[in-house]
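> give me a 3D structure for the following:
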Amino acid sequence: MIRALKFSPASRMHHGFAWVSIFCFTSVVNAAVSQSMQLQIRPQVTARCGENVTLMCNFSSLKQMDVQLIKLSLLADNKTEKCEYKNDQADGNVRCESTDKDSYQTLAMILTNIMPVSEGKYLCKVATNVGVLYNHTYVKVQDCSGSSDSFRNASHAVCSFSGIHPSGVVHWFWEDNNITNATITQQDRGQHGLYNILSTIREEEDKLNYPYKCLLWIPSLNKYLSSQEVTSSVSQKVKSSESQEGNSSETAVKLHWICIVVEILMLNFRM
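Next up is the predicted model:
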């Protein structure tokens with residue numbers, strides 16, 4: 001027959017006091033360890049497209065410690081942006097550099113020609129013989145203006161914006177009227193995280209002789225990033241015709257004067 005163990009009130013109080021003591025001792029030790037180590041990194045870094053960005057993971061300690069690992073990496077699936085302490089290397093647009101001076105260790109990640117694909121949260125992790133520290137920074141990429149182009153014929157007009165970041169919306173205007181609701185816009189994101197936007201509007205007979213204006217609006221920045229005027233195809237033909245006529249008349253005048261000069265020279269030669 002098995003008897004259940006029973007503890008007296010005094011015994012239970014003794015065990016409770018022991019657990020509280022262990023918890024307090026552990027908390028004090030952890031606090032002392034955390035105060036003896038520091039891990040510093042900028043909380044946020046903002047860069048423009050194509051710039052070089054350096055992320056610094058700085059570790060320091062009041063006492064000599066065995067640093068087993070310092071790692072800086074981008075927290076995202078299928079991303080290769082990472083650096084490890086004392087493993088200096090260059091891989092694509094990522095270069096890693098380490099420095100060690102007394103009780104200070106630094107791990108630097110240099111991102112060259114940064115693109116939106118490298119945007120995100122980077123985690124710095126330090127492991128020593130007495131504990132582990134974590135800190136993070138967020139990298140934001142902006143002002144990727146890219147390029148723009150337009151096309152217009154008798155059936156439709158097109159505006160395109162390539163290599164854009166952040167994502168945008170195309171606004172169309174005819175004279176002072178916003179005609180964006182009559183357009184069809186498509187966009188896709190390329191391998192570098194840049195957006196390509198194509199917007200089309202069908203031509204109407206009463207608008208053929210007047211230019212459109214299309215502007216790229218970036219909601220996250222609350223501003224227009226780019227604009228272009230889509231010239232009327234009819235006016236382009238008129239200008240082209242006028243230019244050809246002007247060139248023809250100019251050529252005729254030149255030929256006329258050449259003939260006169262030749263005749264004068266011939267008369268002088270005969271005399």
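> and N129, how far from Q64?
Using Cβ to Cβ, to the nearest Å, N129 is found at 10 Å from Q64. C-beta: built from backbone N, CA, C; applies to glycine.
> what's the answer for L198, then?
61 Å.
> please say which of the two ends up with more neighbours.
L198 (16 against 8; other Cβ atoms under 10 Å).
> now the helix or strand hosting the more buried one: buried residues?
Using DSSP states H and E, L198 sits in strand 195-202. Judged by neighbour count using 16 or more other Cβ atoms under 10 Å, the buried positions of strand 195-202 are 195, 197-201.
> need the residues that contact it.
155-168, 170, 172, 179, 182-190, 212, 214, 216 (Cβ atoms under 8 Å, 6 or more residues apart in numbering).
> which of these are buried, as a ChimeraX select command?
Listed next is the ChimeraX selection for buried residues among those, using 16+ other Cβ under 10 Å:
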select :157,158,159,160,161,163,164,165,166,168,170,172,183,185,212,214,216
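> pull out the buried residues from stretch 109-128.
109-111, 114-120, 122-128.
> repeat for stretch 201-217
201, 203, 207, 212, 214-217.
> residues in contact with V53?
V53 sits next to 45, 47, 110-111, 114, 139 when contact means Cβ under 8 Å, 6+ apart.
> what of R42?
Contacts of R42 by Cβ under 8 Å, 6+ apart are 55-56, 137.
> just the buried residues of strand 195-202 now: which is nearest T80?
Within these, proximity to T80 (Cβ to Cβ) peaks at Y195, which comes in at 22.2 Å.
> what ranges does the stretch 1-150 of the chain have for its helices?
9-36 (DSSP state H, counting those that start in this stretch).
> now the strands for it?
Listed in chain order, the strands of the stretch 1-150 of the chain (DSSP state E, counting those that start in this stretch) span 37-40, 44-48, 53-61, 67-74, 82-84, 90-91, 94-101, 104-111, 120-128, 132-142, 147-152.
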